[in-house]
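Visitor: here is my input, please return the structure:
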Amino acid sequence: MTWPVELAVFGSMAVLIALSYLQWTGQWRSWYRPRDPALRVLFATLGPSPLLVPTLLGGVLVMIGLILVSSVVHVHLLVDIGIAFGIGGLAIGGWIGFAQPRWAIPNWIRDYDHQQGQDRGAGRQRARGGSGGIDKPSSVEETINVPMNARTALALATRVLEEIGQDVRGQKDLQGLRATVGSGALGMNPAMVELSVEPISENRAKIRIRASAREGVIKQRTAEKAIQRVIQAAGWSSEVR
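Guide: Down below sits the predicted model:
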């Protein structure tokens, strides 16, 4: 490989990594949710995480670097290590692309999607109100007993709501929390969840979870699904009342 080709290849990689940095920090946001149909297909295929490209390229760069070093120092183990890095980069990149873990999505994208969901919900509400549609509030409450003390249960609930919810805040004068939790398909339907903890004994606590959401003509059980999502994330059993 001649030096102009090497310069073009590695220069392109550096540009892609720099663009990923701008995407991650939010300095470049216009790429997100493109309007062009072809770009939408590409976006849906690769996913929204700016870490995908650096992860794939990082594994390849480390692999190439170790192979080059091995050719100089004649340590063949470096080749195996380099190949392992390359395969690891592909595996992590595939996980990011298909699973889209929360840590791989920058905060500004999560905030943007949350705001867009609220705006769409408000728009649907105005449209239904103007056309005589049905958009009624729905509330569901569930109480379960868990085999842990109240302090531990509250700490677990806080951690769960911070992972799956947004705008988590405590309730004054109560051992409780309040958060917005996504429910339904892809978690796009927001529900307001209120969770309180009441001690029963030293090793048992009562968890009361109340969820409120708006339902349209087609009932999606948004509030009920939000409660079940919290229970499942915490590892609690909803069978014990």
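
Visitor: separation between the residue at minimal distance from the centre of the chain and residue 145?
Guide: By Cα atoms, centre = their mean, the mean C-alpha position of the chain lies nearest to residue 102, the distance being 3.1 Å. Per Cβ to Cβ, to the nearest Å, residue 102 is found 30 Å from residue 145. For every residue, glycine as well, the C-beta is placed using N, CA and C.

Visitor: go on, residue 93?
Guide: Taking Cβ to Cβ as the measure, residue 93 falls 44 Å from residue 145.

Visitor: okay, these two: which has more neighbours?
Guide: residue 93 (21 against 14; other Cβ atoms under 10 Å).

Visitor: Three-state assignment for that one, please.
Guide: Following DSSP: H, G, I helix; E, B strand; the rest coil, we place residue 93 in the helix state.

Visitor: thought residue 58 was touching it, still the case?
Guide: No: using Cβ atoms under 8 Å, residue 93 is not in contact with residue 58, being 9.1 Å away.

Visitor: could you break the chain into its assigned domains?
Guide: Segmentation of the chain into domains, based on automatic domain parsing, reads 3-105, 133-234.

Visitor: can you list these in CSV and add mean pLDDT?
Guide: CSV is the format used below for the domains of the chain (pLDDT from 0 to 100):
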stretch, mean pLDDT
domain 3-105, 80
domain 133-234, 82
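
Visitor: just say which of the ones you listed is most tucked in.
Guide: Of the domains of the chain, the one with the most neighbours on average (mean count of other Cβ atoms under 10 Å) is domain 133-234, at a mean of 17.

Visitor: tell me where this protein has strands.
Guide: Counting by DSSP state E, the chain has strands at residues 136-146, 165-170, 176-183, 189-201, 204-215.

Visitor: tell me which of the ones you listed lies nearest to residue 11.
Guide: Across the strands of the chain, residue 11 has its closest neighbour in strand 165-170 (39.6 Å, Cβ to Cβ).

Visitor: list the contacts of stretch 164-183.
Guide: Counting contacts by Cβ atoms under 8 Å, 6 or more residues apart in numbering, the residues outside stretch 164-183 that touch it are 110, 114, 117, 150, 154, 157-158, 161-162, 187-198, 211, 213, 220, 222-223, 225-226, 229-230, 233.

Visitor: same check on stretch 60-74?
Guide: Around stretch 60-74, the neighbours that count as contacts under Cβ under 8 Å, 6+ apart are 13, 75-79, 81-83, 85-86, 89.
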